[in-house]
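Asker: just coords:
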């Protein structure tokens, strides 16, 4: 699946997007963040406080307990500050 | 629903003329009795410290879709005749316009309420992030709890909404 990162999450990970293939046990957005945090230091830093990070699946906001099965594009970002 | 509504949603890097946007919305239409506009400008300070500029990052594709979903919701709640939302991204200097929300209706109540609703949701749900440039470097702007509270009032049941006034 394709992952997108924005704002300081993007800066901490060090890239705007990447392709990942999480194992079958990773079923929710929260579990995906836990799995990403174990990949390397940059991801660990980006997801060290996963509770404040927001997510969207296929361009719709989702909660941390949302299932990721079938997702085409998952985005992670800080709380929004537009307007 | 409430008759023909014209919707304009645009994200752009370039500056724009807010008066021209409103004129385009009302041109040749005689059923509109009220237009409310909100214009958000870049201030020269953030948390009391001077800033040189701010840069808005956005999630292209989702930002348009998310704004459109909230415009649809506003149309379900109020008898609107037109909605225009223009939001800039990229580098913006103090004094420049960041965002315009304009709502049109037969009467003012719906236009005021819908403009307020749309701005509250733009602040908390539209995927934009502000970064400020200061003498010390760049810094991401923290989301404000007050903005969440402002958006939450629209999700309360109508009875509670009334009581909250």
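Answerer: In hand now; what should we look at? None of the values given here were measured: they were computed from a predicted structure. Numbering: from 1, shown residues only, chains lettered A, B, ... in the order given.
Asker: list the contacts for the residue at the greatest distance from the centre of chain B?
Answerer: The centre of chain B is farthest from one residue, residue B:136, which by C-alpha atoms, centre = their mean lies 29.7 Å away. For residue B:136, no residue meets the contact criterion (C-beta atoms under 8 Å, 6 or more residues apart in numbering or on different chains). Placement of C-beta: from N, CA and C, glycine included.
Asker: look up how far residue B:130 lies from it.
Answerer: Separation of residue B:136 from residue B:130 (C-beta to C-beta, to the nearest Å): 16 Å.
Asker: again with residue B:150
Answerer: In terms of C-beta to C-beta, residue B:150 sits 17 Å off from residue B:130.
Asker: more neighbours, those two?
Answerer: For residue B:150 versus residue B:130, the count of surrounding residues by other C-beta atoms under 10 Å in any protein chain shown is larger for residue B:130: 22 against 17.
Asker: does chain A sit close to the strand or helix carrying that one?
Answerer: Assigned by DSSP states H and E, residue B:130 belongs to strand B:128-134. Yes - for a cut-off given as C-beta under 8 Å from any C-beta of the partner chain, strand B:128-134 has contacts with chain A, namely B:128-131.
Asker: residue B:102 is in contact with residue B:81, isn't it?
Answerer: No - with contact defined as C-beta atoms under 8 Å, residue B:102 and residue B:81 do not form a contacting pair (11.3 Å).
Asker: circling back: ChimeraX command for the buried members of the residues of strand B:128-134 next to chain A?
Answerer: Selecting the buried subset of the residues of strand B:128-134 next to chain A in ChimeraX, with 16 or more other C-beta atoms under 10 Å in any protein chain shown as the burial test, is done by:
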select /B:128,129,130,131
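Asker: any regions of chain B where pLDDT drops low?
Answerer: B:1-3, B:156-165 (pLDDT under 70).
Asker: taking it, what residue is nearest to chain A?
Answerer: For chain B, the residue closest to chain A is residue B:128, as judged by C-beta to the nearest C-beta, at 2.7 Å.
Asker: contacts for the longest helix along chain A, please.
Answerer: Longest helix of chain A, by residue count under DSSP state H: helix A:29-37. Residues from elsewhere that reach helix A:29-37 (C-beta under 8 Å, 6+ apart): A:3, A:20, A:22-23, A:25-26, A:43-44, A:46-48, A:50, A:53, A:55, A:57, A:62-66, A:68, A:74, A:76.
Asker: show me the residues around whichever residue of chain A sits closest to chain B that make contact.
Answerer: Proximity of chain A to chain B (C-beta to the nearest C-beta) peaks at residue A:82, 2.7 Å away. Neighbouring residues of residue A:82 by C-beta under 8 Å, 6+ apart: B:56, B:58, B:63, B:87, B:99, B:122-123, B:126-130.
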